[in-house]
Each structure stands twice: as structure tokens, then as C-alpha cells.
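Novice: Pasted the sequence and its predicted model underneath.
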Amino acid sequence: MTASEPHAAALHDAAGDVVVEASDVDYSIGGRQIFSGLTLRARRGRITAVMGPSGTGKTTLLKLITAQAYADSGAVRVWGRDVGHLRTREVFAMRRRMGMLFQNGALLTDLDVFENVAFPLREHTNLSEPLIRALVLTKLQAVGLRGAASLMPAELSGGMARRVALARAVVMDPELLIYDEPFVGLDPIGLGMILRLIQMMNEALGITSIVVSHDVQELAMIAHDSYLIAEGRVVAAGTPKELEASDSPIVRQFLSGSPDGPVPFQYPAPEYAQQLLEGEVR
């Protein structure tokens, strides 16, 4: 099995092991094709990395998985159910089984750290205050921030805010944990902490994790399965080592960070000189 066989890693396991599956998905926004025949799987208890150049739809994929958007054709299944066919109450029930670490942390600025982590428990459960307190402090302890419980988000560093957001994401003990660009804006120490926490949460809690990022080296340290998305589809799939060994031009360009290759630097546009001479902005 090699990374040049895009679907090999995605399809070699039994269906019962699959938590999230996108099958031949097409999706467009405003007439612009985002996905065309996208197929991938995230398997139980594993960390699945979804990588790709900016603008290839990585965050859009998360919206399809969480039923914030729906495929034009094909299917997105979570725990075996097509999210496009779920009723509203079923969507909410599905989301309660998920945790989400948003790209910017998305902490509630008017609440302190403790109340940010407690928020999902207060919204979705009828637990007693002593039990809420115990759960929140346990999750903050797991991310190393129990001592910061009374701080406000404005008092946190970027890395601390991301760790608080992670504590909030796992406070309901989700079965599926989704990370949207978790490494953006972190210094090396903060990045190392988040990497360790992602791996620790996955192993200790048996969570299925999907990590969307363009940080290749970081993902290679923790991912079990990796997908590279470009041109609206999966162009390579396999373990990080298999992708590293790939001779595909698009994989080599992405892994090396080269501006020259199949993925263009310039967004499609009219001929440059002609547009300048036309004298119109648009």
C-alpha cells in the first residue's frame, strides 16, 4: 500500500471500524466547486489528519461532518448514518457525541475559564453543581490549567486559551473530537503542549480524532492516518511515512512547501496585462 493509491488506506478496514465516512462527495459554494468525488474515512480510536493547501475545503469538510452544510451529491456518514437525512433533533444528538476545538479557540469572553469549560454541561445536562465542579476541575487538570480557573480569556496567552478550549471540547466526554487548525499562532512550547494533549486525549480516552491542518511536520508526529486534499478530492492517503515516501508531484510540492508545482500560487484570473489595460477594478 502506498500514498500514490489515494483510497488504499481509507478502505482496507472493516466498515464497523469507521466513525466518519465521506463517499464520493460533491459540494459547491456559489457556483465554485469545492469537492468533486471526495472520499475518506476516520476510524475508531485513531487520529486522522486532513491536510491540504489553503482554500481546498478542509474547514468545509468539518461543516459537512457536523451537518452545518450538506453535500450536493454523495454521502457523509457519521456512526453509519447519512447526516443529510437526519432530522434536527437527530443532528443535535449527534453533535452531543462530538467535541470541537475551533480554529481560534472561540472562548466566551464574558466568562472566566471555569465557566467556559462548564458551559456545555450547563447547557446540555442537569448535573448538580458539585458534579459540574468536579468535572470541570478534572478537565482543567488534564490540560494543566486547574490553577487558571478564575482567569478571564483576555488574561490568557494563545496557547493557554487553546488548552482551555480543549478542556471545554472534552468536558462532555465526546466519542469524536474534531480539531480545526489547532496549531495556528502557537509558539513552539504551546504547539508542543497541544500536540501532546491531542495524543494523550486520544490514547487515554479512546477518542476518535480528526485534525485539520496544513502543518505537515506536526501532524506527522501524531497521526495514524493522513489524507491530502487538493483539486476537490483526496490526492494521497496513507500513514505519514507513506506520504513522505510518495513521488506524486502534488504531494512533494505540499510536503516541501514549494511555490512551484501542480498547486498554483495565483488564484485563477484574467490575463494580467489585459486586465491592467482595461482600467477596471473588477
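Specialist: Perfect, I can see it now.

Novice: Distance from the chain centre to stretch 139-159, please.
Specialist: On the basis of CA atoms, centre = their mean, to the nearest Å, stretch 139-159 sits 22 Å off its chain's mean C-alpha point.

Novice: got it, and stretch 168-175?
Specialist: Distance of stretch 168-175 from the chain centroid (CA atoms, centre = their mean) equals 15 Å.

Novice: Quick check: buried residues in that stretch?
Specialist: 168, 169, 170, 171, 172, 174, 175 (16 or more other CB atoms under 10 Å). Every residue, glycine included, has its C-beta placed from N, CA and C.

Novice: contacting residues for the closest residue in space to the last one that isn't next to it in sequence?
Specialist: Counting by CB to CB, 6 or more residues apart in numbering, the nearest residue to residue 175 once its immediate chain neighbours are dropped is residue 97, at 5.0 Å. By CB atoms under 8 Å, 6 or more residues apart in numbering, the residues touching residue 97 are 79, 174, 175, 176.

Novice: between these, which is nearest residue 254?
Specialist: residue 176 (25.9 Å; CB to CB).

Novice: picking up where we left off before, in helices only, show me the buried residues of stretch 168-175.
Specialist: 168, 169, 170 (DSSP state H).

Novice: if you skip the residues just before and after it, what's nearest to the second one?
Specialist: This means residue 169. Nearest to residue 169 is residue 99, by CB to CB, 6+ apart, at 3.7 Å.

Novice: I figured residue 182 hits residue 194, correct?
Specialist: Yes: with contact defined as CB atoms under 8 Å, residue 182 reaches residue 194; the gap is 5.5 Å.

Novice: Could you pull out the residues contacting both of those two?
Specialist: residue 162.

Novice: What is the burial count for the nearest residue to residue 183 once chain neighbours are set aside?
Specialist: In this structure, residue 183 finds its nearest non-sequential neighbour in residue 215, 4.8 Å apart by CB to CB, 6+ apart. If you count neighbours by other CB atoms under 10 Å, residue 215 ends up with 18.

Novice: got it, and residue 74?
Specialist: 19.

Novice: Residue 24 is in contact with that one, correct?
Specialist: Yes: judged on CB under 8 Å, residue 74 makes contact with residue 24 at a distance of 4.1 Å.
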